[in-house]
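Novice: could you work out the structure for the sequence below:
(2 chains)
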There are 2 protein chains.
Amino acid sequence: MAAKATLLDIATKLNITTSTVSRALNDNPRISKATKKAVLKAAKELNYQPNNIAAALRRGKSHLLGVIVPTADRAFFSSVIRGIEEISNKLNYQVIICQSYDDYDKEVETINALTNARVDGIIVSISKKTVNTDHFQKAIDKGIPVILFDRTSEKLNVNQVMIDDYRGAYEVVSHLIDQGCKRIAHFTSPVKISIYKERLRGYVDALENHGIPYDEDLVVESNLQLEDGRISMQKLLDKKISVDAVFSSSDYAAMGAMQILKEKNIKIPEEVALAGFANEPFTSFTDPTLTTVDQLSLDMGHATAEMFFKQLNDSENGHSKVQKTILKPKLIIRQTSLRKKNIK
Amino acid sequence: MAAKATLLDIATKLNITTSTVSRALNDNPRISKATKKAVLKAAKELNYQPNNIAAALRRGKSHLLGVIVPTADRAFFSSVIRGIEEISNKLNYQVIICQSYDDYDKEVETINALTNARVDGIIVSISKKTVNTDHFQKAIDKGIPVILFDRTSEKLNVNQVMIDDYRGAYEVVSHLIDQGCKRIAHFTSPVKISIYKERLRGYVDALENHGIPYDEDLVVESNLQLEDGRISMQKLLDKKISVDAVFSSSDYAAMGAMQILKEKNIKIPEEVALAGFANEPFTSFTDPTLTTVDQLSLDMGHATAEMFFKQLNDSENGHSKVQKTILKPKLIIRQTSLRKKNIK
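Specialist: Below you'll find the model as predicted:
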């Protein structure tokens, strides 16, 4: 049998809000006769059974959805938030955002802030410096659903939406090899959260599967900011380590490498090709433009918000299976890696 | 007589939170004897009289401060928010952010969302499409202080923090003239909110005071996004209007102009100099790097938050004079405008 239809299904079908659907079903005088008729018709067609999300929406909820990100000014996070808002606003939910600034204490405080604000759920991308997940568990224990995206944790048994970082890295490194690169450096973070581990794993596997030996001298650790990229590139040049490409786990560090190469008059991509990760907007403004990996942040926002509303619905229906969604990132080929002009 | 000392003054002096000060003064057992002694000493030295911010902080406040911005991903707004958080966190306040996406309806909803979240105050930069200020007045009438920054409104009798956009524009145009430019185009917005009006006024006055005639053919209106800048620059070239510089009211539109000039092999800054406004991070990554105007966004965040806490304090003391703070922006000279090499 098909899954039970929800208020959300009716709302989506008619392109109206769930609260309008709910009011229509409750014969609220503020709703027009035409709308009531359309809602009843759709409810019948979809075999809608009450006692699901409608109940959740009626039961004195705040209609606030909290989102915690390290910083909202990174294109990736702001675009995920935009995706979350697109879904939430349709369902009459307002999004409020807190920033952890990648600080553990601040993250704990934002959980308290959002609990005080009486949010109906919290969507989080975990701070790099988070040492435990008790604060999230506390919110869950209070009945506030927590959903993780991108920077997730295995310690919490909650819904998660991730990007396939391994695949993103594998594809970009394979592309560099395809362009004739054989000595590919990798800029990574010493903080071994899953995104960096997965990208490193994708880099290693792509080399291996193309018969290129892994050389640990080519892997440089840093905080992956612009200045770190400059230092990492300078380090490779100073040590006279032969390099014909850099795959950086961050666009900012790739930009730092680009600055050093330009200052030394080393030709990009002919002598050293470059690729970043995240598709920050500035990557299309640099000269040459930067090859990178797009993380489908808007899709990730949609998937995360949909997961929250599904969970809200499911918990009303008494079932609550934890789910993981993994999205496939997209390789964006630009000037810094195009060594063969006749690219397919 | 000096202004009454507040809990905040004591907290700042001792570099502790106001709630610690408050607890110390109330002989709370959670506070150490040493801290209590230090607080009482500071209270005496500063001639502290109770019945002010302490009362506000005690009286069941949520300790949440709401911030509404058009989008949190613009460097300017995210940096103002960072400044607001730096002050607020010291005072045990948490910041929650909503985005209006420059949409009037969305802005009205964010006010409702923050009211539902029981914030103690709302700091706003108004959406470009806001047609009236009733929604803000409603919040004020409910006793929630509203403070405006950057995109402000004369219709509301509230505290405001602004940047001197006139001066920023005046200085950047004077600099272009000083570099030998005489035919300076200006990219502006048809939306006549004060920031664009003031920048246009600064442009016009700088020309006039340097004896350069104003030519309306040189003023191009658009939404000031990257693509708009491309179109505006192309328009000037197509019409064969003589131009030796562009001052754009937005960095993004300046970037669009840069792309067109590079595509046409027009030399920057020798043939056409460029300057933007806002000091977006990408402006130091472009080639050549972009001259722009920094809006001291962190300072603006500090000033706005301090105004909120002062207002909280003042209203407890029964006085409430509305205040305007105007900050002076900073000209950032980079490669796109440096035509004279021996710049002082």
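Novice: am I right that residue A:204 is in a helix?
Specialist: Yes: according to DSSP: H, G, I helix; E, B strand; the rest coil, the state of residue A:204 is that of a helix.
Novice: shouldn't it be in contact with residue A:214?
Specialist: Yes: with contact defined as CB atoms under 8 Å, residue A:204 reaches residue A:214; the gap is 5.6 Å. Any C-beta I mention is one placed from the backbone N, CA and C, and that applies to glycine too.
Novice: measure the residue most central in space within chain A to residue B:198 for me?
Specialist: Taking CA atoms, centre = their mean, the centroid of chain A lies closest to residue A:150, which sits 4.3 Å from it. In this view, residue A:150 and residue B:198 are 40 Å apart by CB to CB, to the nearest Å.
Novice: now for chain A, the helix or strand with the poorest mean pLDDT.
Specialist: helix A:53-58 (a mean of 45; mean pLDDT, DSSP states H and E).
Novice: ok so, going back, in this structure the residue nearest to the centre of chain A contacts residue A:164, no?
Specialist: No: applying CB under 8 Å as the test, residue A:150 and residue A:164 come out as separate, 11.4 Å apart.
Novice: phi, psi of the nearest residue to residue A:251 once chain neighbours are set aside?
Specialist: Nearest non-adjacent residue to residue A:251, counting by CB to CB, 6 or more residues apart in numbering or on different chains: residue A:276, 3.6 Å away. Residue A:276 adopts backbone torsions of phi -110, psi -160, taken as degrees, to the nearest 10.
Novice: same question, the one 5 residues further on
Specialist: Here is the backbone geometry of residue A:281 (degrees, to the nearest 10): phi -50, psi -30.
Novice: spatially nearest residue to it, not counting backbone neighbours?
Specialist: That would be residue A:75: by CB to CB, 6+ apart, it lies 5.4 Å from residue A:281.
Novice: in contact with that neighbour, which residues?
Specialist: A:278, A:279, A:280, A:281, A:297, B:73 (CB atoms under 8 Å, 6 or more residues apart in numbering or on different chains).
Novice: quick one: which of these is nearest residue A:106?
Specialist: residue B:73 (19.6 Å; CB to CB).
Novice: quick one: the closest one and residue A:76 touch, right?
Specialist: No: Residue B:73 lies out of contact with residue A:76 (CB under 8 Å); the separation is 9.7 Å.
Novice: my guess is residue A:305 is in a strand, correct?
Specialist: No: counting by three-state DSSP, residue A:305 is located in no strand; its state is helix.
Novice: and the pLDDT for it?
Specialist: pLDDT, residue A:305: 96.
Novice: likewise for the one 3 residues further on?
Specialist: In the predicted model, residue A:308 carries a pLDDT score of 94.
Novice: which element is it on?
Specialist: helix A:297-316 (DSSP states H and E).
Novice: buried residues, the following helix or strand past that helix. List them.
Specialist: Using DSSP H and E, the helix or strand that directly follows helix A:297-316 along the chain is strand A:324-327. Residues of strand A:324-327 classed as buried under the neighbour-count rule (16 or more other CB atoms under 10 Å in any protein chain shown) are A:325, A:327.
Novice: distance of residue A:252 from chain B?
Specialist: As judged by CB to the nearest CB, to the nearest Å, residue A:252 and chain B stand 9 Å apart.
Novice: isn't residue A:272 up against residue A:247?
Specialist: No: judged on CB under 8 Å, residue A:272 makes no contact with residue A:247 at a distance of 11.4 Å.
Novice: so those two - more neighbours on which side?
Specialist: Higher neighbour count among residue A:272 and residue A:247: residue A:247, with 29 against 25, using other CB atoms under 10 Å in any protein chain shown.
Novice: the more buried one should be in a strand, yeah?
Specialist: Yes: according to three-state DSSP, residue A:247 belongs to a strand.
Novice: from chain B, how far out is it?
Specialist: Taking CB to the nearest CB, one finds residue A:247 at 19 Å from chain B.
Novice: residues contacting that residue?
Specialist: A:169, A:172, A:173, A:176, A:184, A:185, A:186, A:187, A:203, A:275, A:277.
Novice: is residue A:118 in a helix, a strand, or coil?
Specialist: Judged by three-state DSSP, the three-state class of residue A:118 is coil.
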